[in-house]
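S.K.: fold the following for me, if possible:
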Amino acid sequence: MVDRSNNECEIILGNSNKKFSGVTSTMLQVLSVQKESADIAVLGQYHLPDDINALNFFQALKVCRRPLSSGLPRVFHARRNDEMIQGLLLKVLSPTAIRLVFTSTAQRQKTWITRWLMSKMDGLLTTCSAAHQFMLEPADAVIPHGINIGRMVEQQPTKEHDLPGKYNVGIFGRVRHQKGIDLFVDALLEVLPNQPDWAGVVVGEITAQNETFVSGLKKKIDKAGLGDRIRFYGEVDFQDIPWFYRSMDIVTSLSRNEGFGLTVPEAMSVAKPVIATRAGAWPDIIEQDVDGLLIDVADVDALVRGLNDYMASPEKRESTGFKAQEKVQQLYTIDREAQALLSYYRQLQNS
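M.R.: Model (predicted):
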């Protein structure tokens, strides 16, 4: 990492989670754009590329003791509770002004500590209408996540991967009950016997606590005689993920609950028809029967109907994917998210 603790660092981003998560991914992607337009540092060194100014807490405090040459306050952007705590400590211990921002994505009732921490923020953001409904105070702005379309369209894999079918249906994300992997399997067990050219692909980490869950799914698959047509790839190299998306003919996103859910815009960015549950930001993103299909959470029958409909019509898959890609290019790019956040930071600094 680059130590630029002598830089002004007008914006500091929280990065407190050692595990790579969706929050980490979105922060890093936005940062890759923001760093070209602002002097940004990150509190926490986890998963950062070498050209990023990574600070520990004491380095951040040293930075915050120096006023910006512009006379404006710094902005500290938190996305987790412990990052809000870090921001509050910096604000209390620093003699210079700091504006604290928190992005709330959770679609559940907030705990008392989260509510208290949010009450101490200078600005509140959210990423979709569903998450906004769980905020006691209205957000200053709804800024949806974006994706790096260039990476999704162009990045080449580190190695070749075999796929189980002539046509393939995919699901992406950590392999666990919350992500609806069991719904995916149950639907394919009904669909695939009548669709001999099709197969299922599951891409995502299988943690130790979910091995029993996955073992149960594989037993059901083997019992149905479809062990060679529904394949679990486990966690693949980050660079290989775009290739898997591009290689699918249909993508499903079936979470029972979701913060935002990048899998949908990622699939749409490479012109794939998506079947998604009404979770996370997906009802905001998908226009029903135009650029994708929304189904109720855990509605396997609706999933089966949607799969059969797409499988039966290459023309529908193509037209839906084309419209999906157009929407992402217009509304859900990483550049759009980064610029919206920078604009909000400037507004907060001048308020």
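S.K.: just checking, Val30 touches Ala340?
M.R.: No. Using Cβ atoms under 8 Å, Val30 makes no contact with Ala340, being 9.6 Å away. For the C-beta atoms, the positions are set from N, CA and C on the backbone; glycine is no exception.
S.K.: and these two? Which one has more around it.
M.R.: Val30 (25 against 17; other Cβ atoms under 10 Å).
S.K.: so that one, which of the three states?
M.R.: What DSSP: H, G, I helix; E, B strand; the rest coil gives for Val30 is helix.
S.K.: in space, what's closest to it - neighbours in sequence excluded?
M.R.: Nearest residue to Val30, sequence neighbours excluded (Cβ to Cβ, 6 or more residues apart in numbering): Ala338, at 4.8 Å.
S.K.: please name the residues that touch the one you found.
M.R.: Going by Cβ atoms under 8 Å, 6 or more residues apart in numbering, Ala338 touches Val30, Val33, Gln34, Ser37, Gly146.
S.K.: one more time with 7 Å, if that's ok
M.R.: Val30, Val33, Gln34 (Cβ atoms under 7 Å, 6 or more residues apart in numbering).
S.K.: and the second one, how many neighbours?
M.R.: A count of neighbours around Val33, defined by other Cβ under 10 Å, yields 20.
S.K.: phi, psi for it please.
M.R.: Here is the backbone geometry of Val33 (degrees, to the nearest 10): phi -90, psi -40.
S.K.: my guess is it meets Thr333, correct?
M.R.: No. Between Val33 and Thr333 there is no contact under Cβ atoms under 7 Å: 9.3 Å.
S.K.: measure the residue positioned nearest the centre of the chain to Phe172 for me?
M.R.: For the chain, the residue nearest the mean C-alpha position is Leu262 (3.7 Å; Cα atoms, centre = their mean). With distances taken as Cβ to Cβ, to the nearest Å, Leu262 is found 9 Å from Phe172.
S.K.: can you map out the strands along this protein?
M.R.: In the chain, the strands defined using DSSP state E lie at 11-14, 40-43, 54-55, 74-78, 98-104, 123-126, 141-142, 167-172, 198-203, 230-234, 250-253, 274-277, 293-295.
S.K.: dump those into JSON lines; add mean neighbour count and distance to Leu303 as well.
M.R.: As requested, the strands of the chain are exported to JSON lines (neighbours: other Cβ atoms under 10 Å; distance: least, Cβ to Cβ, whole Å):
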{"stretch": "strand 11-14", "mean neighbour count": "24", "distance to Leu303": "37"}
{"stretch": "strand 40-43", "mean neighbour count": "24", "distance to Leu303": "39"}
{"stretch": "strand 54-55", "mean neighbour count": "22", "distance to Leu303": "43"}
{"stretch": "strand 74-78", "mean neighbour count": "27", "distance to Leu303": "36"}
{"stretch": "strand 98-104", "mean neighbour count": "23", "distance to Leu303": "30"}
{"stretch": "strand 123-126", "mean neighbour count": "22", "distance to Leu303": "28"}
{"stretch": "strand 141-142", "mean neighbour count": "16", "distance to Leu303": "28"}
{"stretch": "strand 167-172", "mean neighbour count": "23", "distance to Leu303": "10"}
{"stretch": "strand 198-203", "mean neighbour count": "23", "distance to Leu303": "12"}
{"stretch": "strand 230-234", "mean neighbour count": "18", "distance to Leu303": "14"}
{"stretch": "strand 250-253", "mean neighbour count": "27", "distance to Leu303": "7"}
{"stretch": "strand 274-277", "mean neighbour count": "27", "distance to Leu303": "6"}
{"stretch": "strand 293-295", "mean neighbour count": "21", "distance to Leu303": "6"}
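S.K.: now mean pLDDT and distance to Met152 too, for the ones you listed, in TSV please.
M.R.: Below are those laid out as TSV (pLDDT from 0 to 100; distance: least, Cβ to Cβ, whole Å):
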stretch	mean pLDDT	distance to Met152
strand 11-14	97	23
strand 40-43	97	24
strand 54-55	96	26
strand 74-78	98	25
strand 98-104	98	23
strand 123-126	98	24
strand 141-142	97	23
strand 167-172	98	12
strand 198-203	98	14
strand 230-234	98	18
strand 250-253	98	12
strand 274-277	98	13
strand 293-295	98	20
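S.K.: in CSV, list these along with distance to Lys159.
M.R.: Formatted as CSV, the strands of the chain follow (distance: least, Cβ to Cβ, whole Å):
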stretch, distance to Lys159
strand 11-14, 33
strand 40-43, 31
strand 54-55, 30
strand 74-78, 36
strand 98-104, 35
strand 123-126, 39
strand 141-142, 39
strand 167-172, 18
strand 198-203, 14
strand 230-234, 12
strand 250-253, 22
strand 274-277, 26
strand 293-295, 32
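S.K.: Lys220 is nearest to which of the ones you listed?
M.R.: With Cβ to Cβ as the criterion, Lys220 lies closest to strand 230-234 of those, at 9.5 Å.
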